[in-house]
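J.: Below is the sequence, then the predicted model.
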Amino acid sequence: MHAENELLPSQRIKGLKVSDVMHSKVIQLPTSFSCIAIPARRQQIPCPEMAKKWPHLRDIASHLIHPQNDIEVGLLIGSNCPQAIIPREVIPGQQNEPYAQRSDLGWGIIGNVTKPTENNDESSVAIVHRVTTRNPTSTNTPQQKTCYFAIKPTVKEVINPAQLCQMLELDFSERRNSEPSMSQDDKKFLSKMDQGAYQEEGGHYVMPLPFRELVPKMPNNNNDPEVKTNVLVTQVTSRSFSTIPERLEYFSDWHRAKRAVAVIVRFQRRWKRSHLRPDEAPMSSTTEYQRSNVEELLQAEVAIVKQVQEQAFSKEIQTLRSMQKPDSGQDDVRRRKAVMKKTSSLYRLDPFLDKEGVLRVGGRLTRANTPSC
């Protein structure tokens, strides 16, 4: 395309003649003009494939030739040569369908050969071939001519399901804001508070009771069997964790239990030291936490074992503590057996208490003939 009022170099050519493919008809052309490029599209050249797409044009498919891509368009015949474009035979189609026209130069197809269902841009392209001539006039009064044309657009409607639902809901929606609306009871309650609420001299506020009726009816529930007039004495029990075995149930790891008991043993030892030596500085309640060492972990393990043994073998431990010299030899073993009940599970195991008070058993090791170190 060229700009408006643009001068293009051209030459006039006279004496051109054209003929059809079969050379059966020769037509004399009027004066022709040369140009740099001819505005033509190869997609607009009729071919057999175009004719076969339409049922009413299939008969002329054999009379059309295939376009040769290696040959450029060199001649464009317009309406100034009516002998070349005069219709000799016409095959019409339905509404908005292309039609076929036979001239002295052969068959041609006029109209858009692309069907609406096919995806291409042929329907959105407009090409205008028009040559206007005018007499030279003065440059002071130029004449301008304007040509307007419109292209039929092809627009596809895109439907969004979310927007469609929102559009349909607008016809039945009574309110558009998302805030909850007040009911009639809410409005009545606010009106009653505005009218009946006041402040006393002491600064207290007095508000009316929000009854729905002016004089509410209070039912008599004395005869209601579900209402209990007598209050029975209930028993309240409280559970305290005073022993170490009860606290061990809340630990899933043996090492964590030992560390917790080690902290308790440490504070117990400090508390006893502060009472035995009152001249020392009292123990602070916000003592900085320190990690337990190996000795404290061993003491915690001994404390846990002693507590568990106290719970399981309390009678046996009391019997062994009543003896003056435990673990003194074979004579002491016989004394323990004489005092120990035969129903005890430790009767045949020669139980005794070591220096730390832990319950241990002698058994075969005590009676074995082994040299003493």
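T.: That came in fine, so what should we check first? Residues are numbered from 1 along each chain as shown.

J.: Val361 and Pro161: what is the separation?
T.: Distance check for Val361 against Pro161: by Cβ to Cβ, to the nearest Å, it reads 82 Å. For every residue, glycine as well, the C-beta is placed using N, CA and C.

J.: Which of the two has more residues huddled nearby?
T.: Comparing Val361 with Pro161 by other Cβ atoms under 10 Å, the one with more neighbours is Val361, at 13 against 7.

J.: quick one: that one and Pro351 touch, right?
T.: Yes: Val361 is in contact with Pro351 according to Cβ atoms under 8 Å; the separation is 5.2 Å.

J.: shared neighbours of those two, which are they?
T.: Common contacts of Val361 and Pro351 (Cβ atoms under 8 Å, 6 or more residues apart in numbering): none found.

J.: And the protein, what are its domain boundaries?
T.: Structural domains assigned to the chain are 11-110, 244-278+291-361, following the TED database.

J.: and those domains, which one's lowest on average pLDDT?
T.: Of all the domains of the chain, the minimum mean pLDDT falls on domain 244-278+291-361 (a mean of 75).

J.: Which residues outside stretch 249-269 are in contact with it?
T.: 244, 247-248, 287, 289, 292, 296-297, 299-301, 303-304.

J.: Can I get the buried part of the residues you listed as one PyMOL selection?
T.: To isolate the buried ones among the contacts of stretch 249-269 in PyMOL, judged by 16 or more other Cβ atoms under 10 Å, type:
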select buried, resi 244+247+248+292+296+297+299+300+303+304
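
J.: Out of the contacts of stretch 249-269, name the two that are farthest from one another.
T.: Based on Cβ to Cβ, the longest span within the contacts of stretch 249-269 runs between Leu248 and Thr287 and measures 24.1 Å.

J.: how about the domains of the chain in CSV, adding distance to Pro216?
T.: CSV is the format used below for the domains of the chain (distance: least, Cβ to Cβ, whole Å):
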stretch, distance to Pro216
domain 11-110, 80
domain 244-278+291-361, 53
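
J.: mind checking which of these is nearest Met218?
T.: domain 244-278+291-361 (51.1 Å).

J.: Endpoints of that closest one, how far apart?
T.: 23 Å (Cα to Cα, to the nearest Å).

J.: Over to stretch 39-54?
T.: 27 Å.

J.: try stretch 52-69
T.: Stretch 52-69: ends 21 Å apart by Cα to Cα.

J.: Make residue 1 into 627 and carry on from there
T.: Let's use 627 as the start, then, which means that last one is stretch 678-695.

J.: Can you tell me what sits against it?
T.: Residues outside stretch 678-695 that contact it (Cβ under 8 Å, 6+ apart): 647, 668, 671-674, 676-677, 717-720, 723-724, 726, 728, 732-733, 735, 739, 741.
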